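Novice: Fold the stuff below for me.
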Amino acid sequence: MLTFTLRRLLLAVPTLLFISLVIFLLLEASPGDPLGDVPLTVPPEVKERMREALGLGQAWYIRYALWLKQFFWVEPLYWFDGVFGTAFSDGMQRIISFQSRSPVFDVIAQRLPQTLTVVGMSYLVGVLIAIPIGIISAYRQYSWFDQLGTFVSMVGFSMPTFFTGVVMIIVFAVNLQWFPSVYDTTHRVTDWDSFMVQVRQMVMPVTVLALYNAAQISRFMRASMLDNLGQDYVRTARAKGLSERVVVLKHVLRNSLIPVVTVIALGLPTVFGGAIITEQVFKVNGLGQLLISAIHANDIPMVLTLTFLFAILIVLFTLIADILYGVLDPRIRYD
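Specialist: Predicted structure coming up:
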């Protein structure tokens with residue numbers, strides 16, 4: 001397993017470098033100008049100096065190499081200095097956002113807690129709901145519970161999050177006035193009352209995303225459980241006199257989780273990426289909204305850094321899913 005992990009990590013390096021190059025070239029070829037919002041009254045020579053200050057006057061391969069250096073060398077040194085109090089990164093240029101003129105990673109660090117709070121909680125709730133529903137639906141196939149779970153899953157998976165979000169705002173925020181329609185990112189939890197305010201404003205975005213995530217994962221869980229319930233080892237376990245609880249939860253569930261782990265692991269990067277549409281609907285000031293605003297402003301350093309971070313997370317969690325295969329199923333060996 002160790003050899004497999006090291007081999008995959010080494011293979012991930014050229015893969016991620018190729019991904020970063022593709023993202024950079026796509027952004028380079030996209031229409032738009034980072035200085036497009038500059039007033040027409042600004043003289044051309046001033047605008048040209050602004051372009052040079054942003055590094056736009058250099059060739060694309062020089063700017064790409066500079067970004068690689070800043071991402072893999074300067075930024076880690078800066079965070080190392082912040083943790084251990086050293087000064088290795090003094091005088092080095094960090095990745096600067098065209099839009100805010102602030103370091104990109106500082107802006108990401110400011111937005112990350114909002115995304116982890118809302119989107120992370122919704123994914124956790126969705127997984128905790130989906131797995132029991134999938135298990136019970138498969139064990140009691142064609143029962144009223146299975147039919148109801150199938151109906152709710154189809155509804156949750158078929159309706160886009162922007163539609164369910166707007167419906168919940170109309171019903172629970174406008175008509176019933178139970179929950180606020182806009183997420184207040186400036187709110188701070190200091191006591192019990194402020195904690196309840198935080199819970200109330202999280203209910204609708206978390207519910208919308210949890211319903212969508214649970215609908216997908218529960219379908220995979222049900223299908224995998226049904227496939228394993230008909231296997232010979234299940235009949236053998238029952239013939240040995242094992243209780244149904246042990247057969248289902250120990251033997252069947254462990255083998256059924258193997259394909260579901262892939263779905264859960266590949267969905268985890270979306271926690272950090274943020275649910276872009278849902279964050280727009282509920283005005284959650286997270287990473288998803290940050291990416292949208294950066295795209296609108298042609299903020300190439302911000303878009304490039306965010307999308308590359310998402311790519312790193314996808315490669316990382318894919319590796320974690322492969323390793324978990326060997327943990328869940330002893331028959332799988334990579335070495």
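
Novice: pLDDT (mean, whole number) over the top helix by length along the chain?
Specialist: Across the chain, the longest stretch assigned as helix under DSSP state H is helix 192-229. Mean per-residue pLDDT for helix 192-229: 86.

Novice: cool, and stretch 160-171?
Specialist: 84.

Novice: Next, the buried residues of it.
Specialist: For stretch 160-171, burial by neighbour count (16 or more other Cβ atoms under 10 Å) applies to 161, 164, 165, 168, 169. The C-beta positions use only the backbone N, C-alpha and C, and glycine is treated the same way.

Novice: Closest to residue 81 out of those?
Specialist: Nearest to residue 81 among the buried residues of stretch 160-171: residue 161, at 40.0 Å, using Cβ to Cβ.

Novice: how distant is the longest helix of the chain from the center of its chain?
Specialist: 15 Å (Cα atoms, centre = their mean, to the nearest Å).

Novice: if you average pLDDT over the helix or strand just after that helix, what comes out?
Specialist: Where DSSP states H and E defines the elements, the next helix or strand beyond helix 192-229 is helix 232-239. Across helix 232-239, the average pLDDT comes to 83.

Novice: now the angle from helix 232-239 to helix 192-229?
Specialist: 100 degrees (axes from the mean of the first three to the mean of the last three Cα atoms, to 10 degrees).

Novice: continuing past helix 232-239, what's the next helix or strand?
Specialist: Sequence order places helix 244-246 as the next helix or strand after helix 232-239, per DSSP H and E.

Novice: Let me know the angle separating whichever helix or strand comes after that following helix from helix 232-239.
Specialist: As assigned by DSSP H and E, the chain's next helix or strand after helix 244-246 is helix 253-267. Relative orientation of helix 253-267 and helix 232-239, computed by the same axes, to 10 degrees: 140 degrees.

Novice: Who are the packing partners of helix 253-267?
Specialist: If contacts are counted by 3 or more Cβ pairs under 8 Å, 6 or more residues apart in numbering; DSSP states H and E, helix 253-267 sits against helix 121-139, helix 192-229, helix 300-328.

Novice: Dump that helix to PDB, restricted to CA.
Specialist: Backbone C-alpha positions of helix 253-267 (Å, rounded to 0.1, in the frame of the first residue of the first chain) are rendered in PDB as follows:
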ATOM      1  CA  LEU A 253     -22.500  -2.800   4.400                       C
ATOM      2  CA  ARG A 254     -18.700  -3.100   4.300                       C
ATOM      3  CA  ASN A 255     -18.700  -4.400   0.800                       C
ATOM      4  CA  SER A 256     -21.400  -2.000  -0.300                       C
ATOM      5  CA  LEU A 257     -19.500   1.000   0.800                       C
ATOM      6  CA  ILE A 258     -16.700   0.500  -1.700                       C
ATOM      7  CA  PRO A 259     -18.400   2.200  -4.700                       C
ATOM      8  CA  VAL A 260     -20.100   4.700  -2.400                       C
ATOM      9  CA  VAL A 261     -16.700   5.800  -1.000                       C
ATOM     10  CA  THR A 262     -15.800   7.000  -4.500                       C
ATOM     11  CA  VAL A 263     -18.900   9.200  -4.700                       C
ATOM     12  CA  ILE A 264     -18.400  10.600  -1.300                       C
ATOM     13  CA  ALA A 265     -14.600  11.200  -1.800                       C
ATOM     14  CA  LEU A 266     -15.000  12.900  -5.100                       C
ATOM     15  CA  GLY A 267     -17.800  15.000  -3.700                       C
END
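
Novice: Show me what it is in contact with.
Specialist: Contacts of helix 253-267 with the rest of the structure, by Cβ atoms under 8 Å, 6 or more residues apart in numbering, involve 123, 127, 131, 134-135, 213, 216-217, 220-221, 224-225, 227-228, 231, 314, 317-318, 320-321, 324-325, 328-329.

Novice: Just the closest of the buried residues of stretch 160-171 to residue 13, please.
Specialist: residue 161 (34.6 Å).

Novice: Now that closest one: closest residue in space, sequence neighbours ignored.
Specialist: residue 278 (4.9 Å; Cβ to Cβ, 6 or more residues apart in numbering).

Novice: what's the burial count for that neighbour?
Specialist: 27 (other Cβ atoms under 10 Å).

Novice: wait, doesn't it sit right on residue 206?
Specialist: No: Residue 278 is beyond contact range of residue 206, at 9.5 Å (criterion: Cβ atoms under 8 Å).
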